[in-house]
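Student: turn this into a model:
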Amino acid sequence: MTKTKSVLEVLQATTAYFKKHDVENPRLNAEHLLAHVLGRKRIELYLEFERVLTESELAPLRDLVKRRAEGEPLQHLLGTVEFCGHVFRCDKRAMVPRPETEELVEFLKSEIHNPKSKILDVGTGSGVIALSLAAKFPTAEILAVDISDEALSLARENAERLALADRVRFLKSHLLENVEGAFDFIVANLPYISTQDRHTLSREVLHDPAVAVFARARGDELIRELVAQAPSRLRPGGMLALEIGIGQGEALLSILAEKNYRDICSKTDYSGVTRFLFARYG
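Tutor: Numbering: from 1, shown residues only. Now for the predicted structure:
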C-alpha cells in the first residue's frame, strides 16, 4: 500500500530532490510546480499543508519535477511567465524573459513623454517589451520584429491573450531589413552571448532557442549591426535603447560615439552590471 503524503511532505521531499539536482531556489520551484498541478495560487498552499494528496494529483507532479531536475526551465513547465505585471505565455519558441529586461522597459517608460510615440521593438521574442509598452501607452504606434517565425507566433498569441492584438504590428525581419518608416524609439534585447561561451551557460538557458541566445564569436555582433542601421530608421532626436551582455559596455559606447549618436549613457541593472545603453541620433 502506498503511503499517502500531505502537501507539506510533498514540498519538503521535492525541495530536497531539487537541492540534490542543483536546481536554483529549490523550495520556490517546488511550490510553483505543486500550485500549478493543483490549480492553486502558491500562497494558498500555506493554508493546505495538512491536506493529503491523491495519486491523480501526484502523477503529473512527478513528471514536472523530473523535467525540472533535468534543467527544463520552470517557466516552460508552468507555460507562463510574469513580466511587468502581465502574465505571458512562455515556451520553447522564444527566450524566457529575464528580470533585467523588465528594468529596460521601466527605464524606457520614463523616457516616453509623447503618448503617441512610434516605437520599434527589434528581436521581440515572446513580445514582452512591445506588449508591455502597448499596455502602458494605448495610443503609441508599435511595431515588433523578429527573425524567428516561431517567436512571432508566440508573440501574436501573447498579444491575443492580453487583448492587445490590434495595438502591435508584428513583422518578420532580420534586424531592420524589412522595416520601413521612422521611429521615436528603437528598443532591442538582442542575442548577446558569444558562441564560444556556450559551456558557461546554465542548463536552463540552453533550453532557450539558440537563435535567441547566441550572436557570433564576439557576442555583440548583432548589437553593432543595429547601431549602424538604426540612424536610417530614427526620427531626428529619436532614441536607441539596448540591453547588452556583461563586459560589452565600453566597446559599444565607443561605437555609438563614432557613429555620431549623442546623449549617450549607460545604466546598470540590479546587480550593478552595466546592462543598458541609451543614445539619441540627429
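Student: and the contacts of stretch 275-282?
Tutor: 100, 103-104, 107, 111, 230-231, 234-244, 249, 252-253, 256, 260-269 (Cβ atoms under 8 Å, 6 or more residues apart in numbering). Backbone N, C-alpha and C define where each C-beta goes, glycine included.
Student: ok, 6 Å please
Tutor: For stretch 275-282, contacts defined as Cβ atoms under 6 Å, 6 or more residues apart in numbering pick out 100, 104, 231, 234, 236-237, 239-243, 252, 256, 261-267, 269.
Student: residues touching the residue most central in space within the chain, list them.
Tutor: The residue lying closest to the centre of the chain (Cα atoms, centre = their mean) is residue 97, at 1.5 Å. Taking Cβ under 6 Å, 6+ apart as the criterion, residue 97 is in contact with 81, 83, 128.
Student: next: residue 130.
Tutor: 121, 124, 142, 144, 168.
Student: so which of these sit within strands?
Tutor: Judged by DSSP state E, these include 121, 142, 144, 168 as members of strands.
Student: hmm, back to that, residue 27: which of the contacts of residue 130 is nearest?
Tutor: Closest approach to residue 27 among the contacts of residue 130 (Cβ to Cβ): residue 124, at 33.3 Å.
Student: any idea how far the closest one is from residue 164?
Tutor: The gap separating residue 124 from residue 164 is 13 Å, by Cβ to Cβ, to the nearest Å.
Student: more neighbours: the two, which one.
Tutor: Each of residue 124 and residue 164 has its neighbours counted (other Cβ atoms under 10 Å); residue 124 has more, 29 against 20.
Student: low-scoring stretches of the stretch 151-282 of the chain, by residue?
Tutor: Applying pLDDT under 70 to the stretch 151-282 of the chain flags the ranges 217.
Student: show me where it has its strands.
Tutor: 168-172, 183-188, 234-243, 262-268, 274-281 (DSSP state E, counting those that start in this stretch).
Student: strand 274-281 and the third one, what's the angle between them?
Tutor: Read it as strand 234-243. Relative orientation of strand 234-243 with respect to strand 274-281: 180 degrees, computed using axes from the mean of the first three to the mean of the last three Cα atoms, to 10 degrees.
Student: and the angle for strand 234-243 with strand 262-268?
Tutor: Regarding strand 234-243 and strand 262-268, their directions subtend 20 degrees when assessed with the same axes, to 10 degrees.
Student: which strands and helices sit next to strand 234-243?
Tutor: Strand 234-243 sits against strand 183-188, strand 274-281, with contacts defined as 3 or more Cβ pairs under 6 Å, 6 or more residues apart in numbering; DSSP states H and E.
Student: tell me which of these sits nearest to residue 220.
Tutor: Ranking the helices and strands packed on strand 234-243 by distance to residue 220, with Cβ to Cβ as the measure, places strand 274-281 first at 10.8 Å.
Student: what is the burial count for the nearest residue to residue 191 once chain neighbours are set aside?
Tutor: Closest residue in space to residue 191, ignoring its immediate chain neighbours: residue 215 at 4.9 Å, by Cβ to Cβ, 6 or more residues apart in numbering. Residue neighbour count, defined by other Cβ under 10 Å, stands at 19 for residue 215.
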